[in-house]
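**Q** Provided below for reference: sequence and predicted model.
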Amino acid sequence: MTQAEVFDSVVIGAGQAGLSASFHLRRLGVHHVVLDANSAPGGAWQHRWDALTMRDVHGVAELPGSTPPPLTKARANAAVPAYFAEYERAHELPVLRPVRVDRVEDDGGMLAVHAGDRLWRTRTIVNATGTWTQPFLPHYPGAARFRGEQFHTSAYPGPEHFVGKRTIIVGGGASAVQFLGALAPITDTLWVTRREPVWRTDDFTPEAGAAAVALVEQRVAVGLPPESVVSVTGLALREQEREAERLGAYSARMPMFEAIEETGVRWPNGDFEQVDAIIWATGFRPAIAHLAPLHLRSPAGGIQLDSAGRGTAAVADPRVQLVGYGPSSSTIGANRAGRTAARGVRDYLRISERAAG
């Protein structure tokens, strides 16, 4: 590739949102390329633990014009990558890998996408880098001195690893609930959260889902850092977590410990708790450091999106579309956002052409 070639759009990331965007860009006739940091198809799914099956996940929203893998006991880190790989092949999506983007800069009205010594010049970008590469680990005094094991969700080795180990699971989201469901029947567990968990007691209807997404949209509409859709939907137990519930794994929740010591944790009241392992189910942050040269963040700390948070274009720079960010960070939301972003790219290109002509 020569630096003289200019694309209409560059999609950064080939997970679900990136593939959806590429599919719709292709349908709209937009000249583009997809840059993926992974060496193989599958997005973040290929990095998940072996014990996670298709029936454990919340459901993979089907990519446009395809049928997703069935919810069976097949490993999610194999089934979903295979599905993505076939999708790329069937639709002839222009994916290049491995390409890890370092930064995106303005280049005289164009956007310069840098990956090491490689460069792509483009009129627009669709950022679909998700969150998996940015695990959030809160700082707690003494964590470095702990002689046991510590794992973030992104490095979870599977339930068998924790047999015979007293394990604290930290976090109030869906991953923590799933870890407790898998571990409580086979080892001694303790659940710790900063806030009281919010359980969903009603059916999760499409209307309830739309209301939850709307709350996240309100944040990105004013430039606040996004919260996950799950954080506003509430928690619910699935059939595979009922045994852990019967054992009291969810009712014995503890407030956050004050410090970590060599062999355990210290509670705020001074009591000590011996533990062998800590699982930090504390979530992720958007992987957007490579966009820093474009100065997209608002004074509120997040990237403000157009259309009152329902769009995907960055208000600070309409050449940039973000998918898998804020309200589109769920599987269903990411799929829909790919279509919205592709249309946003098309509309921006049309406006630019009219302005130039």
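**A** Arrived safely.

**Q** Show me where the stretch 101-250 of the chain has its strands.
**A** 103-107, 110-115, 118-122, 125-127, 149-152, 167-170, 189-193 (DSSP state E, counting those that start in this stretch).

**Q** Please read the previous query as pertaining to the stretch 251-357 of the chain.
**A** Counting by DSSP E, counting those that start in this stretch, one finds strands in the stretch 251-357 of the chain at the ranges 254-255, 259-261, 264-266, 272-274, 277-280, 313-314, 317-322.

**Q** Of the ones you listed, give the one that comes closest to residue 102.
**A** Set against residue 102 and scored by CB to CB, the strands of the stretch 251-357 of the chain come closest in strand 317-322, at 16.2 Å. For glycine as for every other residue, the C-beta is placed from the backbone atoms N, C-alpha and C.

**Q** What are the buried residues along the closest one?
**A** 317-322 (16 or more other CB atoms under 10 Å).

**Q** Can I get those in a markdown table including pLDDT and distance to residue 14?
**A** What follows is those, written out as a markdown table (pLDDT from 0 to 100; distance: CB to CB, whole Å):
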| residue | pLDDT | distance to residue 14 |
| --- | --- | --- |
| 317 | 96 | 23 |
| 318 | 95 | 23 |
| 319 | 97 | 20 |
| 320 | 97 | 18 |
| 321 | 96 | 15 |
| 322 | 95 | 16 |
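
**Q** hang on, the earlier thing: which one of the strands of the stretch 101-250 of the chain lies closest to residue 62?
**A** The nearest among the strands of the stretch 101-250 of the chain, by CB to CB, is strand 125-127 at 19.6 Å.

**Q** Packing partners of that closest one?
**A** If contacts are counted by 3 or more CB pairs under 8 Å, 6 or more residues apart in numbering; DSSP states H and E, strand 125-127 sits against strand 9-12, helix 16-27, strand 317-322, helix 331-356.

**Q** where among the ones you listed is the average confidence lowest?
**A** Lowest mean pLDDT within these: helix 331-356, a mean of 87.

**Q** Residue 140: which of the strands of the stretch 101-250 of the chain is closest?
**A** Using CB to CB, the nearest of the strands of the stretch 101-250 of the chain to residue 140 is strand 167-170, at 9.1 Å.

**Q** so how far is the closest one off the chain centroid?
**A** Once both centres are worked out by CA atoms, centre = their mean, to the nearest Å, strand 167-170 turns out to sit 22 Å from its chain's centre.

**Q** Out of the helices and strands packed on strand 125-127, which gets nearest to residue 118?
**A** Nearest of these (CB to CB): strand 9-12, 11.7 Å.

**Q** Direction included, what does that closest one pair up with?
**A** strand 32-35 (parallel), strand 125-127 (parallel) (DSSP bridges).

**Q** Residues touching that strand, excluding its own?
**A** 18, 21-22, 25, 30-35, 101, 104, 111, 113, 120, 122-129, 290, 345 (CB atoms under 8 Å, 6 or more residues apart in numbering).
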